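Asks: structural data only, the sequence is not supplied:
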Ligand code: PEP
Ligand code: MN
């Protein structure tokens, strides 16, 4: 059960104290408090875990500080969508709003290689009015002899250049919990010129200790990729690990499933699950067409498969797109063959805007059916 308090509930009031006394009296139930400090108000929620079936919801709703108590119908207690749930389904980070009605493009380098390439990428984004990107510093590689990313060495110039080109959020994968502190320290040293969305890659979707650590910190939002060989339910439970530890600012990313049934694509594109994730949870849904398709092949219509796949996800309501670009793909140290060219960035962005407009028109059409 979730008990949502009225905004700005005063903790020193007798009304708050009455609720607290009631919660303290519950046996066999664990109570966890969660606070969200928004720009305008502070929201407090209590998560009750255990034998809550016997609790009288009307009694709880009658406490003056309570806005609403919600019985949790699915297993994703925090991230799930529950009936009569009045919690906000978006979050703001570094001036950017992420939610199920928003749309952001995160084009960037799969792996940071040189300062020059980072600068070319960020300048191009800035010229198109984009303020988010992806930049891999820590790379989980299949082969131990492959390039593993420049790690904390590259962070100072990545953050400095992000500030220079007004990039507000960088999606950056972490493979180990110490990297969260490295990112925090490098940002602070640079004067916090930008923000970072921590990325949990598909190889770490069920690295529960990493999830717990990323979930315990509240400084950075977290993007979690769907595990490439597990069910959607298992991946959504992995996302719930982050939230259950306290961090509710979570984005869920579809990136294709590992199976030869997807050949000749690198993975089987799974973007039909965009509306499913939105139906089950409050999370904004991201798609990664680059790692799904894995090549620069194009159809007879001249449109790249990566763009077709991206459009499919966006037409279905995706809220974020991660895409690999590179100024010189032949020299890219990771995933060059799937990177789009800088000369294709404007085309890509315009193509996605068409898909987004199409989604919005489809949504309006569906709303008309209901009225
Ligand atoms: C990536 O986004 O760079 C990446 C490694 O993706 P995935 O975890 O989906 O393979
Ligand atoms: Mn990659």
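Replies: That came in fine, so what should we check first? Note that the structure is a prediction, hence the values are computed from the model and not measured. Ligands and ions are numbered 1, 2, ... in the order given.

Asks: stretch 188-202: end-to-end distance?
Replies: Stretch 188-202 has its terminal residues 28 Å apart, counting by C-alpha to C-alpha, to the nearest Å.

Asks: how about it and ligand 2, touching?
Replies: No - applying C-beta under 5 Å from the ion, one finds stretch 188-202 out of contact with ligand 2, separated by at least 8.6 Å. The way it works is simple: take the backbone N, C-alpha and C, and place the C-beta from them, glycine included.

Asks: near ligand 1, anything from that stretch?
Replies: Yes - Stretch 188-202 lies within reach of ligand 1 by C-beta under 6 Å from any ligand atom, at 201-202.

Asks: flag every buried residue along that stretch.
Replies: Buried residues in stretch 188-202, counted by 16 or more other C-beta atoms under 10 Å: 190, 193-202.

Asks: residue of the stretch 151-300 of the chain nearest ligand 1, please.
Replies: Relative to ligand 1, the nearest point of the stretch 151-300 of the chain is residue 201 (3.0 Å; C-beta to the nearest ligand atom).

Asks: closest one of the buried residues of stretch 188-202 to ligand 2?
Replies: Nearest to ligand 2, judged by C-beta to the ion, of the buried residues of stretch 188-202 is residue 201 at 8.6 Å.

Asks: please name the nearest non-neighbouring residue to the closest one.
Replies: Distances taken as C-beta to C-beta, 6 or more residues apart in numbering place residue 173 nearest to residue 201, at 5.0 Å, with adjacent residues excluded.

Asks: poorly predicted segments of the stretch 51-200 of the chain, please.
Replies: By pLDDT under 70, the low-scoring segments of the stretch 51-200 of the chain are 74.

Asks: for it, which residues are neighbours of ligand 2?
Replies: residue 110.

Asks: give the contact list for whatever residue of the stretch 51-200 of the chain ends up closest to ligand 2.
Replies: Nearest residue of the stretch 51-200 of the chain to ligand 2 (C-beta to the ion) works out as residue 110 at 3.8 Å. Taking C-beta atoms under 8 Å, 6 or more residues apart in numbering, we find residue 110 in contact with 134, 136, 139, 290, 324, 326, 332, 334-335, 338-339.

Asks: what about 7 Å?
Replies: For residue 110, the contacting residues are 136, 324, 332, 334-335, 339, by C-beta atoms under 7 Å, 6 or more residues apart in numbering.
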